[in-house]
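K.L.:
give me coordinates for this.
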Amino acid sequence: MTVVKPNLGPHAGVARNPLTFGEAYVHVQANPTLKYCTAGARTFAVTATHGQKGRHKDERALLFKSNGKERARAYECCWGHRTNCNSTHIDIYTEALP
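P.N.:
As a prediction, this is how the structure comes out:
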């Protein structure tokens with residue numbers, strides 16, 4: 001079942017992230033094979049990487065993948081918000097990190 005959340009726009013709202021972006025990035029780098037679970041019981045993986053193009057080229061990024069497909073990505077400027085630069089909801093992933 002796919003849940004469609006309302007479009008809140010880029011960098012909307014406040015997420016309750018347990019880690020800073022830097023802490024999360026280091027954690028993911030140190031634990032590249034860990035799987036996580038959203039509050040809605042969706043299992044996902046996270047990859048620490050860098051932006052490849054556009055305004056975030058070479059910036060650190062966290063890629064959130066489910067079933068091998070990228071579902072969202074977060075850059076440092078997105079951290080702490082419910083949505084990222086592209087208005088994709090990231091809080092379901094960022095809040096699930098330890």
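K.L.:
going forward, measure contacts between C-alpha atoms and count neighbours the same way
P.N.:
Noted.
K.L.:
relative to residue 11, how far out is residue 36?
P.N.:
23 Å (CA to CA, to the nearest Å).
K.L.:
so in this protein, which helix runs the longest?
P.N.:
Across the chain, the longest stretch assigned as helix under DSSP state H is helix 21-30.
K.L.:
now do that helix: distance to the chain's middle.
P.N.:
Centroid displacement of helix 21-30 relative to its chain, using CA atoms, centre = their mean, to the nearest Å, is 12 Å.
K.L.:
average pLDDT for it?
P.N.:
Helix 21-30 shows a mean pLDDT of 98.
K.L.:
same check, this time on stretch 35-50
P.N.:
For stretch 35-50, the per-residue pLDDT averages 94.
K.L.:
same thing with stretch 91-98?
P.N.:
Rounded mean pLDDT across stretch 91-98 is 95.
K.L.:
how far off centre is it?
P.N.:
The answer for stretch 91-98 is 7 Å, by CA atoms, centre = their mean.
K.L.:
what sits up against it?
P.N.:
15-19, 24, 36-39, 64, 79, 81-83 (CA atoms under 8 Å, 6 or more residues apart in numbering).
K.L.:
so which of those are in helices?
P.N.:
Per DSSP H, these map to helices at residue 24.
K.L.:
just the buried members of the contacts of stretch 91-98?
P.N.:
15, 17, 19, 24, 36-37, 64, 79, 81-83 (16 or more other CA atoms under 10 Å).
K.L.:
distance to residue 54 added to these, as CSV?
P.N.:
As requested, the buried ones among the contacts of stretch 91-98 are exported to CSV (distance: CA to CA, whole Å):
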residue, distance to residue 54
15, 25
17, 26
19, 26
24, 23
36, 29
37, 30
64, 19
79, 18
81, 21
82, 22
83, 18
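K.L.:
so which of those residues would you say is closest to residue 43?
P.N.:
Within these, the smallest distance to residue 43 is 4.4 Å, found for residue 37 (CA to CA).
K.L.:
the nearest residue to the closest one once chain neighbours are set aside: how many residues sit nearby?
P.N.:
Spatial nearest neighbour of residue 37, excluding adjacent residues (CA to CA, 6 or more residues apart in numbering): residue 43 at 4.4 Å. Residue 43 sits with 14 neighbouring residues when counted by other CA atoms under 10 Å.
K.L.:
no further questions, thank you.
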